[in-house]
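Visitor: Sequence and predicted structure below; questions after.
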Amino acid sequence: MVFIVSTFIRIIIVIVFIALWETLPSIGLVNELTAPRFSMVLIRAGELLNPYTSSSIVPLGFYTHLSVTLFEIGVAFLITVFVAIPLGFLIGGFRLVTQIYEPLIYLIYAFPSVALYPLVVIILGFGPPSKIVFGFFLGFFPLILNTIAALRSIRPSYILVAHLFGCRKIQLLQKIIIPASASFIISGIRLALAFNIIGVLFGEIVASSIGLGFVITSATYKLDAPTEYAAIIISLTLIYIILESISFVQKRVFERED
Amino acid sequence: MKIDRQTLLVRGLQFSSVIAIFVAAELSVKLNLISPIFISKPSDSIIILLTLFRNGAVTQLLISTLQPLLIAFILSIIIGVYLGIVISSFKMLKQGVEPFIAIFYSIPKVLLVPIFWSIFGFSLEYKIAYSLIHGLPPILINVIALVSSTDENYLKIARFYGASLLQIYQKIMLPSIIFGLFASLRLALNLCLVGVIIAEMFVGTTGIGFALRHYASTFKTPEFYALIYLLVIISVSINIILLGFEKRIVSKRGLQLAL
């Protein structure tokens, strides 16, 4: 009963939101130049996604920009995973090193790193490398902190038992440390991917010549609001699907273990 | 206060590794290992920061960045607490709205900055509104979780003695969430700061975010780093102050529970 009513409320919220979006610009409460009607945005989104019409709205076509952004996110994500996890193991493996560097990494993590982006552009230029590096930079800290926390969460008694039964170093890593820390590390990986995406998109929005962020910003500067909103909605949906699928896999894998 | 040798060692090593980074930056520029466009000498940047403080240019920067930050932060506390209480008082509404809040919290809000700019234009409201959407979701989520975990017995007793809805909110709900609220305040303030910096960096002519973009695009690297140091000071002091508050309130609460 509760489930049905709450689903009903959810549907009503979506309908009211779309209805307001459709009516407010048409009766003139909101300027249509900056907030176009929902139907216009939807039609433009369809045109953007259609490979035959998209190149007339955006230079090079929408799919080129989309694939560039996905490529940047993917590379940034791979670099983050392959750098942050080993480094996290290296720091988290020694208690003194953890005590020294964990608070410092926390402070850097709390710092609004977006402020450093202009410097990255100066060093690496306008193209994809600056976005990849910046995406990596934002994703690196949450993942390394999660890896350190994961190593700390392993119960010392596990390691003690392993030592007692004459476990070798590699066996210890394989049988105890990796399985015991996997859950933490995977949630760190999801967080890192979210930050990678923020870094790449922020880079594209502030300064770029290709990518989803470029489509959005150039449409904004041309006062082409329907394209701007359509591109934003498509990107948000895509990112939401990517992040949710990781959470889904995470839940599946760890529920089965239990 | 007694400090044992272990903490002393840790603090010393922390301090010296920070110093080592500064020294490495200073030397690598001095010995022409790295172009001075990429990294400035820390000594130059610190002198620039001090002159900014001395000639008062820093007040302008701080006002134009901290004013929207604080307004957005306070607004997100007020809206977050009251909206959170209202949402969580109705079970159906709560279950209906919760997924939307979670979705909004998880999407990258960087993508929304052009919308805010085109609606609000170059104004204080633009920075405040964009910063608000960063700070509001964590507080809202926290308040909803806290209200749901309010002790049922308190509410039963209040209803039994005929307390009005307003009294229940004021006397039971607010005090019971106020302690837990502090956990999300630090996160919210950090996110608000990110929001203001993004807003300033995207468009605008005022604030630290704009100044950073301006100095970077005119290759004034020492000035750029001076502002980064200023931002570090702001961010670190925010975190230290709020962490202190959290610790003090937690210890006070522990005392109350013990009594």
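Guide: Alright, I've got the coordinates.

Visitor: can you pull the contacts of B:Val194?
Guide: B:Val194 is in contact with A:Pro112, A:Val114, B:His134, counting by CB atoms under 8 Å, 6 or more residues apart in numbering or on different chains. (C-beta placed from N, C-alpha, C; glycine too.)

Visitor: Count the residues that sit near A:Ser26.
Guide: A count of neighbours around A:Ser26, defined by other CB atoms under 10 Å in any protein chain shown, yields 12.

Visitor: now swap in A:Leu90 and tell me
Guide: 13.

Visitor: returning to that earlier point: now, among the contacts of B:Val194, which is nearest to B:Ile115?
Guide: B:His134 (14.2 Å; CB to CB).

Visitor: Which helix or strand contains the closest one?
Guide: Using DSSP states H and E, B:His134 sits within helix B:124-148.

Visitor: Next secondary structure after that helix?
Guide: helix B:152-160.

Visitor: List the contacts of residue 102.
Guide: All of this refers to chain A. Residues in contact with A:Glu102 (CB under 8 Å, 6+ apart) are A:Ile91, A:Leu145, A:Ile148.

Visitor: that's the other chain; I wanted chain B
Guide: Here B:Ala102 is in contact with B:Ile141 (CB under 8 Å, 6+ apart).

Visitor: same check, this time on the one 10 residues further on
Guide: The contact partners of B:Leu112, by CB under 8 Å, 6+ apart, come to A:Ile232, B:Tyr130, B:Ile133.

Visitor: roughly how far out does the helix or strand of chain A with the lowest mean pLDDT sit from the chain middle?
Guide: When each helix and strand of chain A is scored by mean pLDDT, DSSP states H and E, helix A:54-57 comes last, with a mean of 78. From the chain centre to the centre of helix A:54-57 is a distance of 27 Å (CA atoms, centre = their mean, to the nearest Å).

Visitor: Grab the nearest non-local neighbour of residue 223.
Guide: Because you didn't say which chain, this covers chain A. Leaving aside its sequence neighbours, A:Leu223 sits nearest to A:Leu33 (CB to CB, 6 or more residues apart in numbering or on different chains; 6.3 Å).

Visitor: try again with chain B
Guide: Leaving aside its chain neighbours, B:Glu223 sits nearest to B:Tyr215 (4.4 Å; criterion: CB to CB, 6+ apart).

Visitor: low-confidence ranges in the chain?
Guide: Assuming you mean chain A. A:1-2, A:255-258 (pLDDT under 70).

Visitor: The chain in question should be chain B.
Guide: Within chain B, the stretches with pLDDT under 70 are B:1-3, B:250-259.

Visitor: Let me see the contact set for the residue lying closest to A:Val215 once chain neighbours are set aside.
Guide: Distances taken as CB to CB, 6+ apart put A:Ala231 closest to A:Val215, at 4.6 Å, once the chain neighbours are dropped. For A:Ala231, the contacting residues are A:Leu48, A:Phe62, A:Leu212, A:Val215, A:Ile216, A:Ala219, by CB under 8 Å, 6+ apart.

Visitor: Give me every residue in the stretch 151-259 of chain B lying close to chain A.
Guide: Residues of the stretch 151-259 of chain B lying near chain A by CB under 8 Å from any CB of the partner chain: B:190, B:193-194, B:197-198, B:201-202, B:208-209, B:212-213, B:215-217, B:219, B:221, B:224, B:227-228, B:231-232, B:235-236, B:239.

Visitor: do you know how far B:Leu49 is from chain A?
Guide: According to CB to the nearest CB, to the nearest Å, B:Leu49 and chain A sit 15 Å apart.

Visitor: Test my guess that that residue contacts B:Ile228.
Guide: No: taking contacts as CB atoms under 8 Å, B:Leu49 lies outside contact range of B:Ile228: 9.6 Å.

Visitor: now the helices: where do they sit in chain B?
Guide: Taking DSSP state H as the test, the helices found in chain B are B:5-30, B:42-54, B:57-89, B:91-106, B:113-120, B:124-148, B:152-160, B:165-168, B:174-202, B:207-217, B:221-258.

Visitor: Serialize those helices to JSON lines and add fields for distance to A:Tyr240.
Guide: Output for the helices of chain B, formatted as JSON lines (distance: least, CB to CB, whole Å):
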{"stretch": "helix B:5-30", "distance to A:Tyr240": "38"}
{"stretch": "helix B:42-54", "distance to A:Tyr240": "40"}
{"stretch": "helix B:57-89", "distance to A:Tyr240": "22"}
{"stretch": "helix B:91-106", "distance to A:Tyr240": "7"}
{"stretch": "helix B:113-120", "distance to A:Tyr240": "17"}
{"stretch": "helix B:124-148", "distance to A:Tyr240": "14"}
{"stretch": "helix B:152-160", "distance to A:Tyr240": "35"}
{"stretch": "helix B:165-168", "distance to A:Tyr240": "37"}
{"stretch": "helix B:174-202", "distance to A:Tyr240": "19"}
{"stretch": "helix B:207-217", "distance to A:Tyr240": "27"}
{"stretch": "helix B:221-258", "distance to A:Tyr240": "29"}
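
Visitor: Relative to A:Lys131, which of the ones you listed is closest?
Guide: A:Lys131 lies closest, by CB to CB, to one member of the helices of chain B: helix B:174-202, at 14.9 Å.

Visitor: Run a quick neighbour tally on B:Ser176.
Guide: Count around B:Ser176 with other CB under 10 Å applied: 16.

Visitor: Contacts only, for it.
Guide: B:Leu146, B:Val147, B:Thr150, B:Asp151, B:Tyr154 are the contacts of B:Ser176 under CB under 8 Å, 6+ apart.

Visitor: wait, isn't B:Ile198 in contact with B:Gly209?
Guide: Yes: assessed by CB under 8 Å, B:Ile198 is found in contact with B:Gly209 at 7.1 Å.

Visitor: if I look at B:Leu140, how far off is chain A?
Guide: In terms of CB to the nearest CB, B:Leu140 sits 15 Å off from chain A.

Visitor: Please list all residues in contact with that residue.
Guide: So B:Leu140 contacts B:Ile79, B:Gly80, B:Leu83, B:Gly84, B:Ile87, B:Ile101 (CB under 8 Å, 6+ apart).

Visitor: which of those lies closest to A:Ile79?
Guide: Of those, the one sitting nearest to A:Ile79 (CB to CB) turns out to be B:Ile101, at 32.1 Å.

Visitor: Export only the CA atoms of stretch A:18-27, formatted as CSV.
Guide: The C-alpha coordinates for stretch A:18-27 follow below in CSV (Å, rounded to 0.1, in the frame of the first residue of the first chain):
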residue,chain,number,x,y,z
ILE,A,18,7.2,18.8,-16.5
ALA,A,19,3.8,20.7,-16.5
LEU,A,20,5.4,23.7,-14.8
TRP,A,21,8.4,23.6,-17.1
GLU,A,22,6.0,23.5,-20.1
THR,A,23,3.6,26.2,-18.9
LEU,A,24,5.8,28.8,-17.1
PRO,A,25,7.7,29.9,-20.2
SER,A,26,4.6,29.9,-22.4
ILE,A,27,2.6,32.2,-20.1
